[in-house]
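# What follows is a protein structure lacking sequence information:
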Ligand SMILES: NC(=O)c1ccc[n+]([C@@H]2O[C@H](COP(=O)([O-])OP(=O)(O)OC[C@H]3O[C@@H](n4cnc5c(N)ncnc54)[C@H](O)[C@@H]3O)[C@@H](O)[C@H]2O)c1
Ligand SMILES: CC(=O)[C@H](C)O
């Protein structure tokens, strides 16, 4: 392990966008900590990354638990001596009409998408302050953090909230030289969109499997759905010194879908 390398934690990185982000940062020269609640997939990903020669360790935890976010940072510093970048990527979805939103759905999505992001940001920021170094916190927002989508009401509300916390954390932490930004993907083909498509199709008898994904992605001006590496490209920039003068922003990477 190279102790000169920068160190990044990527939550929810056993698969999907988080895995692509972790792989990109490893190729950028970071020592990486992959974190997820899905232990089997996490260990598979860690093994795959080790075989590729990346400096990687894994940590199984739940981002919605404040103590576990603190333990994740502690574990990282014990293994790699420091922290430079914390990516609050883990997130979950739910598809229902507004009138069917219930307490379980609200609790689950807000706990993971919003509380998880707040706890991750706090744990990382406290470590950066202790180290007396600059640091970067990068949050998973979404097009749904700029525009609210039918059937994705709770999810959209959580992502608007992530955008809000990104702004306030950026304002309060700037004095410590901590940058806080967010990436806002559009429509990427991961397990999340497999689930969203499956649920949307259940609610509309005119839709066949794959139609909801097709409907969303057909509006993308650049003419193709998003690949995880498109998202990793933006996160790599936000994790680098090239973005040192950017903070509090929730930047869209969606191939031309939402215009702000
Ligand atoms: N896929 C898209 O089109 C899209 C678009 C916009 C934003 N996003 C956001 O990007 C992020 C990643 O999305 P994805 O498509 O890769 O999703 P995904 O479902 O494919 O992967 C999410 C990962 O997070 C993990 N996870 C879930 N709950 C967790 C918890 N409590 N603690 C730790 N890990 C947990 C899962 O096990 C999974 O490995 C999410 O925040 C999502 O909201 C995705
Ligand atoms: C899943 C997501 O955030 C958008 C709506 O594609």
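Structure's in. What do you need? From a predicted model like this one, the values you see are computed outputs, not experimental measurements. Ligands and ions are numbered 1, 2, ... in the order given.

# Please name the nearest non-neighbouring residue to the residue minimising distance to the centre of the chain.
Centroid-nearest residue in the chain, with Cα atoms, centre = their mean: residue 89, separated by 1.7 Å. Sequence neighbours aside, residue 18 is the residue nearest to residue 89 in space, at 4.2 Å (criterion: Cβ to Cβ, 6 or more residues apart in numbering). No exception for glycine: its C-beta is placed from N, CA and C like everyone else's.

# and that neighbour, how many residues sit next to it?
For residue 18, the count of nearby residues is 27 (other Cβ atoms under 10 Å).

# contacting residues for it?
Applying Cβ atoms under 8 Å, 6 or more residues apart in numbering, we find residue 18 in contact with 10, 11, 12, 34, 36, 87, 89, 90.

# is the one helix or strand it maps to anywhere near ligand 2?
Per DSSP states H and E, residue 18 falls inside helix 16-27. No: counting by Cβ under 6 Å from any ligand atom, ligand 2 has no neighbours in helix 16-27; the shortest distance is 9.9 Å.

# Which pLDDT value goes with residue 243?
Here, the pLDDT recorded for residue 243 equals 98.

# What pLDDT is listed against the residue of the stretch 51-200 of the chain found nearest ligand 2?
Closest to ligand 2 within the stretch 51-200 of the chain is residue 142: 3.3 Å, counting by Cβ to the nearest ligand atom. At residue 142, the pLDDT value in this model is 98.

# try residue 246
For residue 246, the predicted pLDDT is 98.

# hmm, back to that, got the phi and psi for the residue of the stretch 51-200 of the chain closest to ligand 2?
Phi and psi for residue 142, reported as degrees, to the nearest 10, are phi -180, psi 170.

# Spatially nearest residue to it (excluding sequence neighbours)?
residue 159 (4.3 Å).

# got a list of contacts for the strand or helix carrying that neighbour?
Assigned by DSSP H and E, residue 159 falls within helix 153-173. Taking Cβ under 8 Å, 6+ apart as the criterion, the residues outside helix 153-173 that touch it are 88, 91, 93-96, 98, 101, 105-106, 109-110, 113-114, 117-118, 121, 125, 137, 139-142, 144-149, 179-182, 184, 247-250.
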